[in-house]
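J.: Kindly return the folded structure for what I paste below:
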Amino acid sequence: MRRVYWYLMQRFYEARSFRAFCNHLHFKKQSRKYSSRLAETWLHRDDESEEHSPCRLPSCWWLVPSVLAGSAILATAVGSLL
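T.: So this is what the prediction gives:
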């Protein structure tokens with residue numbers, strides 16, 4: 001009975017590892033496909049000029065909200081000290 005159990009467990013783990021390997025290959029193929037689509041999209045976007053995309057934010061757009069938040073925190077701290 002033990003030999004049957006060990007044989008079945010061995011076959012189970014072999015099948016499980018094979019299935020995991022197949023899933024790994026499938027995900028690898030899908031990620032390669034997705035990354036190639038992203039690369040094509042970004043190459044296409046780089047070809048477009050800036051005049052065609054007026055809604056685009058400037059490169060340092062995060063500076064304005066961070067300065068406002070920092071000044072609000074500083075004003076609150078100074079207000080609580082006074």
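J.: Which helix or strand lies directly C-terminal to the least confident helix or strand in the chain by mean pLDDT?
T.: Sorting the helices and strands of the chain by mean pLDDT, DSSP states H and E puts helix 2-47 at the bottom, at a mean of 81. Note on helix 2-47: by DSSP states H and E, the next helix or strand toward the C-terminus is helix 63-81.
J.: List every C-alpha atom in that next one, with coordinates, as CSV.
T.: What follows is helix 63-81 as a C-alpha-only set of coordinates in CSV (Å, rounded to 0.1, in the frame of the first residue of the first chain):
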residue,chain,number,x,y,z
LEU,A,63,5.9,70.2,-8.3
VAL,A,64,2.9,72.4,-8.0
PRO,A,65,0.7,70.1,-5.8
SER,A,66,3.8,69.1,-3.7
VAL,A,67,4.7,72.8,-3.1
LEU,A,68,1.1,73.6,-2.2
ALA,A,69,0.9,70.7,0.2
GLY,A,70,4.3,71.5,1.7
SER,A,71,3.4,75.1,2.3
ALA,A,72,0.1,74.1,3.9
ILE,A,73,1.9,71.7,6.2
LEU,A,74,4.4,74.4,7.1
ALA,A,75,1.7,77.0,7.7
THR,A,76,-0.1,74.6,9.9
ALA,A,77,3.0,73.9,11.9
VAL,A,78,3.9,77.6,12.3
GLY,A,79,0.3,78.4,13.2
SER,A,80,0.3,75.8,15.9
LEU,A,81,3.6,77.2,17.4
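J.: Against which helices or strands is it packed?
T.: Helices and strands touching helix 63-81, by 3 or more CB pairs under 8 Å, 6 or more residues apart in numbering; DSSP states H and E: there are none. (C-beta placed from N, C-alpha, C; glycine too.)
J.: Now it: average pLDDT?
T.: Averaging pLDDT along helix 63-81 yields 86.
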